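Build me a model:
(one chain, ligands or ions: 2)
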Amino acid sequence: MLKGSCCCGAVKFLVSSPPTMMGTCHCSRCRKAGASTFVFVPRSSFEMLSGLDSITTYKPEAPYKYNRCFCSICGTALGEVTSTADSFPVAANCFDDALNLSNLFHEFVKEKPSWYEICDNAKQFPAHPYN
Ligand SMILES: [Zn+2]
Ligand SMILES: [Zn+2]
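Ligands and ions are numbered 1, 2, ... in the order given. Take a look at the predicted model:
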């Protein structure tokens, strides 16, 4: 069982099975949101404990499809925790417990700013890995 929360503690959630995939996105949208390392969590193992009414969801214009959930009190980026998809990205920054995972890939590396240096050996994709 892994606990997660936002900076102010209003939003709390549990993930019942350890995530198995972590990736980092370097696109300009993730950079603006201030969080770009995600784990993918199956909906069946995600439980929101509190703070659902404190979450604001930013829906980007097409063609971008991933929504951005954040705590409207403290601004912590949460990933896509209100998604109804079978599996969705949760921002790695909001976990309180150790994930014990290594980053598996970097995507949208072509949009990476020069001030950010990739310091691991994970696979790098210029854009989305599956496009
Ligand atoms: Zn908060
Ligand atoms: Zn991104």
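
I figured N93 was touching F38, is that so?
No - between N93 and F38 there is no contact under CB atoms under 8 Å: 9.4 Å. In short, each C-beta sits where N, CA and C put it, glycine included.

between these two, who's got more neighbours?
Set side by side, N93 and F38 show more neighbours around F38, with 25 against 17, by other CB atoms under 10 Å.

Check what pLDDT that one gets.
For F38, the pLDDT comes out at 95.

is it in a bridge, and if so with what?
Beta-bridge pairing for F38 (DSSP bridges): G23, A91.

which residues does it contact?
Neighbouring residues of F38 by CB atoms under 8 Å, 6 or more residues apart in numbering: M22, G23, T24, C25, G79, P89, V90, A91, A92.

Tell me the residues of the protein that contact ligand 2?
Residues of the chain lying close to ligand 2 (CB under 5 Å from the ion) are C25, C27, C30.

start to end distance for stretch 7-20?
Terminal residues of stretch 7-20 are spaced 24 Å apart (CA to CA, to the nearest Å).

Now do that stretch: distance to the chain's middle.
With CA atoms, centre = their mean, to the nearest Å as the basis, stretch 7-20 stands 11 Å off its chain's centre.

What of stretch 124-131?
17 Å.

helix/strand/coil for K3?
strand (DSSP: H, G, I helix; E, B strand; the rest coil).

give me the number of residues near it?
13.

can you check S5 too?
Neighbour number of S5 under other CB under 10 Å is 19.
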